[in-house]
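>>> Sequence and predicted structure are below.
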Amino acid sequence: MEKLSLLKFKRDINLPIRLPIDRAFTLSGIGTVITGTLWSGTIKPDDEVEILPQEIRCRIRNVQVFNNDVEKAFAGQRVALNLIGVKKDQISRGDIILEPGYLSPTFLIDTKIEILSNQKYSLKSGKKIKLHHGTREIIGRASLFGLKEVKQGEDGFARFKLDYPLIIKNYDRFIIRNPSSLRTMGGGLILRSRPPRKRLKREETINQLNILNSSDKKEIISFWIRESYPEPLTIEEIFKKAEISKEEVKNIIENLLNSSKVINISMSGEPEYLLISDFQRLKQEIVSYLKKYYLENRLKIGIDIEILRRKFFLSIPKSKFEKLIEKLQKDEIIYKKGSKILSPVISYELSGRYRENYLLAKNSIIDGKFSPPDVKQLAKNLSISVEEISQLLSILEDKKEIVKVKEGIFFDVKSFEEAKIKLMQTINKEGKITLAKFRDILRTSRKYSEALLNFFDKEGLTVRIEDYRILKKGK
């Protein structure tokens with residue numbers, strides 16, 4: 001069992017700047033000065049820093065160690081900083097100077113707590129304590145996991161709800177005291193500096209904290225990657241969640257890649273990682289969902305990509321969603337068709353009455369040649385809803401058997417190409433063509449001939465001038 005004498009902060013020059021303020025004062029002609037011990041990182045004049053919890057950005061004018069100006073101070077050294085951009089009365093003992101964006105304030109912490117064996121009181125859920133971290137003292141209230149109390153000489157997992165924001169990181173040490181007698185009760189280790197507020201089953205929470213309390217950093221990194229599922233994480237994001245140095249994170253990820261425990265899903269740009277087991281799970285969930293969706297929507301070949309995003313990936317950035325889609329395509333789990341997502345393991349073949357109506361709709365359009373029945377006519381002729389015939393026509397369009405020239409109007413591909421050839425032949429011979437001329441050539445109505453001409457205009461084949469069309473240059 002750990003002793004309080006061992007609860008020392010591990011200093012690391014490879015981590016970002018972190019310095020708890022123990023004194024803040026003003027010197028005439030110099031300005032605001034703070035003193036404290038640099039817990040991590042290196043600090044030098046002109047560095048921009050952030051003071052939390054006030055969220056004050058300022059700059060360092062001068063750095064001193066043992067009353068001597070220095071070009072750089074290192075983790076573990078006592079320093080004095082002359083700050084530009086902050087007044088003495090804006091800051092106080094207990095505030096933290098950090099590299100901007102490194103940490104953020106928290107009111108909740110999950111911990112492994114140990115109570116000294118010579119204490120009079122045990123730690124019970126609901127009990128108020130005074131928590132000491134760095135140069136800050138904060139009142140908090142304990143909630144225990146899996147225990148009614150942590151007795152003298154024992155340890156356990158506890159969540160503390162704090163009365164004031166604390167700037168803390170995973171694996172920091174702290175001390176707790178009785179707020180009335182100020183006697184030291186024990187100390188502990190931060191396991192999760194920003195725990196989720198959602199309620200988990202007690203066993204699940206304890207399992208998570210056991211992982212975070214282990215000495216196996218591969219398990220700890222894997223935990224944070226798993227917690228973000230289905231969002232893949234970069235090295236920087238893993239570092240921010242696990243609060244382990246970037247160098248360690250890089251080495252551990254490399255080890256996990258070599259042992260086939262994680263996968264880089266990014267096909268280009270910065271690597272982003274998922275656990276291989278989670279990626280397999282994601283594949284299975286997506287294919288199962290696509291199968292279920294098709295069974296419930298037989299006339300919808302594939303699923304709109306936005307529906308898939310809302311189902312599985314709404315909580316993650318769109319750029320990461322696009323990378324996952326790209327990786328899933330490469331692994332041949334899905335493929336894209338326009339704005340639709342399909343799976344090669346699903347047979348998108350119509351059967352029964354759907355197949356019958358599909359063929360009837362197709363043949364009706366073919367038979368109609370240059371005067372095909374529109375959507376409403378087809379629905380009436382086949383005694384089905386406009387919605388169903390629209391879905392059948394969409395399938396025919398995807399299969400490139402018909403061409404949509406206007407909302408509700410479709411031509412079979414052969415007739416469409418024939419109309420296009422007649423149009424070009426006439427213009428090449430006569431130099432131009434009118435709507436009436438085109439209508440007569442096709443022996444159809446104004447409705448269909450006008451729809452075709454407008455379509456060719458939009459496609460850039462023809463150009464309208466007054467009441468006639470000519471071929472666009474280069475056509």
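Here it is on my side, so go on.

>>> Quick check: can you list the domain ranges of the chain?
With automatic domain parsing as the criterion, the domains of the chain are listed as 18-98, 106-192, 414-471.

>>> Neighbours of the residue nearest to G269 when sequence neighbours are not counted, how many?
Once its chain neighbours are removed from consideration, G269 has its nearest residue in K323; the separation is 7.9 Å (C-beta to C-beta, 6 or more residues apart in numbering). Where C-beta positions appear, they are placed from N, C-alpha and C, glycine not excepted. By other C-beta atoms under 10 Å, the residues close to K323 number 20.

>>> tell me the phi and psi of K323?
With angles defined as degrees, to the nearest 10, K323 shows backbone torsions of phi -70, psi -40.

>>> wait, what's in contact with it?
232, 265-267, 269, 272 (C-beta atoms under 8 Å, 6 or more residues apart in numbering).

>>> Can you select the buried ones from those residues in ChimeraX?
Typed into ChimeraX, the line below selects the buried ones among the contacts of K323, using 16 or more other C-beta atoms under 10 Å:
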select :232,265,266,272
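
>>> Of the contacts of K323, which is the nearest to G368?
Compare each of the contacts of K323 with G368 using C-beta to C-beta and the shortest gap goes to M267, at 45.8 Å.

>>> Just say helix, strand or coil for that closest one.
Three-state secondary structure (criterion: DSSP: H, G, I helix; E, B strand; the rest coil) places M267 in coil.

>>> Now it. Nearest residue, chain neighbours left out?
Nearest in space to M267, with sequence neighbours left out and distances taken as C-beta to C-beta, 6+ apart, is E326 at 5.1 Å.

>>> about what we covered before: ok, now how distant is the residue nearest to G269 from K340?
K323 sits 19 Å away from K340, going by C-beta to C-beta, to the nearest Å.

>>> Counting by contacts, list what the one helix or strand R309 maps to packs against.
R309 belongs to helix 305-312 when elements are defined using DSSP states H and E. When contacts are defined as 3 or more C-beta pairs under 8 Å, 6 or more residues apart in numbering; DSSP states H and E, helix 305-312 sits against helix 276-296, helix 318-330, strand 340-342.

>>> so which of the ones you listed comes closest to E99?
helix 318-330 (25.1 Å).

>>> for that closest one, the distance to its chain's centre please.
On the basis of C-alpha atoms, centre = their mean, to the nearest Å, helix 318-330 is displaced by 12 Å from the centre of the chain it belongs to.

>>> next one: stretch 145-165
Going by C-alpha atoms, centre = their mean, where stretch 145-165 is centred and where its chain is centred differ by 32 Å.

>>> Now the residue nearest the centre of the chain: closest residue in space, sequence neighbours ignored.
What sits nearest the mean C-alpha location of the chain, by C-alpha atoms, centre = their mean, is I316, with 2.5 Å. The shortest distance from I316 to any non-neighbouring residue, by C-beta to C-beta, 6+ apart, is to E231 (4.0 Å).

>>> for the one you found, helix, strand, or coil?
Judged by three-state DSSP, the three-state class of E231 is coil.

>>> so what's it up against?
Under the criterion of C-beta under 8 Å, 6+ apart, the neighbours of E231 are 315-317, 320.

>>> Let's see that with 10 Å instead.
E231 makes contacts with 225, 237, 272, 274, 313, 315-317, 320-321, 324, as judged by C-beta atoms under 10 Å, 6 or more residues apart in numbering.

>>> May I ask which of these comes out lowest in pLDDT?
Of all the contacts of E231, S315 carries the smallest pLDDT score, 91.

>>> And the closest residue to that one other than its chain neighbours, what's its pLDDT?
Counting by C-beta to C-beta, 6+ apart, E231 is the residue found nearest to S315 once chain neighbours are left out, at 7.0 Å. Model confidence at E231, expressed as pLDDT, equals 97.

>>> Kindly report the same for the one 5 residues further on.
Model confidence at E236, given as pLDDT, is 94.

>>> wait, it sits on K246?
Yes: contact criterion C-beta atoms under 10 Å: E236 and K246 qualify, at 7.4 Å.

>>> higher neighbour count, those two?
The residue with the greater number of neighbours, taking E236 and K246 and applying other C-beta under 10 Å, is K246; the counts read 15 against 11.

>>> ok, now which ones touch that one?
Going by C-beta under 10 Å, 6+ apart, the list of residues near K246 reads 14-16, 235-236, 238-240.

>>> what do you get for K161?
Contacts here follow C-beta under 10 Å, 6+ apart; on that basis K161 touches 107-109, 139-143.

>>> Make a ChimeraX selection of whichever of the residues you listed turn out to be buried.
Restricted to buried positions by 16+ other C-beta under 10 Å, the ChimeraX selection for these reads:
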select :108,109,140,142
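
>>> quick one: which of the contacts of K161 is nearest to L392?
Of all the contacts of K161, L392 sits closest to L108, with 55.2 Å by C-beta to C-beta.

>>> quick revisit: any idea how far the residue nearest to M267 is from R281?
Following C-beta to C-beta, the distance that separates E326 from R281 is 19 Å.

>>> Over to F145?
27 Å.

>>> can you check N357 too?
Here the criterion is C-beta to C-beta. By it, N357 lies 38 Å from R281.

>>> In terms of neighbours, single out the busier of these two.
For N357 and R281, the more surrounded residue by other C-beta under 10 Å is N357, and the numbers stand at 19 against 14.

>>> from memory that one sits against S390, does it?
No: judged on C-beta under 10 Å, N357 makes no contact with S390 at a distance of 11.9 Å.

>>> Common neighbours of the two, please.
299, 378.

>>> Strand partners (parallel or antiparallel) of the longest strand anywhere in the chain?
With DSSP state E applied, the strand covering the greatest number of residues in the chain is identified as strand 155-166. According to DSSP bridges, the neighbouring strands of strand 155-166, each with its direction, are strand 106-115 (antiparallel), strand 136-145 (antiparallel).

>>> can you tell me the average pLDDT over the first one?
Averaged over strand 106-115, pLDDT sits at 96.

>>> Likewise for the last one?
Strand 136-145 shows an average pLDDT of 95 in the prediction.

>>> Return the alpha-carbon coordinates of that strand using PDB.
Below are the C-alpha coordinates for strand 136-145, written out as PDB (Å, rounded to 0.1, in the frame of the first residue of the first chain):
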ATOM      1  CA  ARG A 136      -4.600  24.900  -4.200                       C
ATOM      2  CA  GLU A 137      -7.000  23.900  -1.400                       C
ATOM      3  CA  ILE A 138     -10.500  23.000  -2.400                       C
ATOM      4  CA  ILE A 139     -13.500  21.700  -0.500                       C
ATOM      5  CA  GLY A 140     -15.000  18.600  -2.100                       C
ATOM      6  CA  ARG A 141     -17.500  15.800  -1.400                       C
ATOM      7  CA  ALA A 142     -16.700  12.100  -1.800                       C
ATOM      8  CA  SER A 143     -18.700   9.400  -3.700                       C
ATOM      9  CA  LEU A 144     -17.300   5.900  -3.400                       C
ATOM     10  CA  PHE A 145     -17.400   3.200  -6.000                       C
END
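
>>> Thanks a lot, catch you later.
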